[in-house]
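In: Fold the following and give me the result.
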Amino acid sequence: MRPPLARSLVLAATILSAAGCATTAKFTAPEVPASLRPPAGETLFLEAHASGVQIYDCAPRADRPATYEWTFRSPEAALVDASGHPLGRHFAGPTWESRDGSSVVGEVKAKDPGPSATAIAWLLLSAKATKGSGVFSATTSIQRLHTVGGVAPAAGCDASNASKTARIPYTADYYFYRAPH
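Out: Numbers count the residues shown, from 1 in each chain. Now for the predicted structure:
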């Protein structure tokens, strides 16, 4: 285990690197379907791995109130950087918040089912809002890729257990892009 000062220096270097203030970390944009590519000119500046749950509620369908379905509520996940160091958290919004206090709220622009029917979809999101002046403040687009798990339960949602909550484990890789400087 690293001493506290060494951990602080590693975290500071990671944050500065991701924000583009210290070194120029080079990331390679992943291969994805055309619909999931960020707008031309945006560059990848940060990769994060999420591990947590997708939360679903059993509720009546809006179009058929006598029929129930699992409705997505929110994600709840811890984020680590490419080296495995804690980066922040991912939660409702969808929001990504760094340990430095900066955050980005995304808005889905495109979906792709991805290669596995047992995993949540791959996404392209645009930044709807950012806060702070840290890691996430320059974000313009986000990709959710390489998902495992997180799919709503196939059964167990009916009138007898309305309002039941399901917390389904998932992992995903998130790729953060920014506009050219």
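
In: residues making contact with stretch 92-109?
Out: 11, 15, 48, 73-75, 79, 86-91, 123-137, 139, 141-142, 174, 176 (C-beta atoms under 8 Å, 6 or more residues apart in numbering). (C-beta placed from N, C-alpha, C; glycine too.)

In: Report whether S35 is found in a helix, as I expect.
Out: Yes: looking at S35 with DSSP: H, G, I helix; E, B strand; the rest coil, it is inside a helix.

In: do you know how far it is from T43?
Out: S35 sits 19 Å away from T43, taking C-beta to C-beta, to the nearest Å as the criterion.

In: what stretches of the chain score poorly on pLDDT?
Out: 1-25 (pLDDT under 70).

In: tell me what the longest strand belonging to the chain is packed against?
Out: Counting residues, the longest strand found in the chain (DSSP state E) is strand 43-60. For strand 43-60, the packing partners by 3 or more C-beta pairs under 8 Å, 6 or more residues apart in numbering; DSSP states H and E come out as helix 4-19, strand 68-81, strand 86-91, strand 165-178.

In: can you rerun that using 10 Å?
Out: If you count contacts as 3 or more C-beta pairs under 10 Å, 6 or more residues apart in numbering; DSSP states H and E, strand 43-60 packs onto helix 4-19, strand 68-81, strand 86-91, strand 95-98, strand 139-149, strand 165-178.
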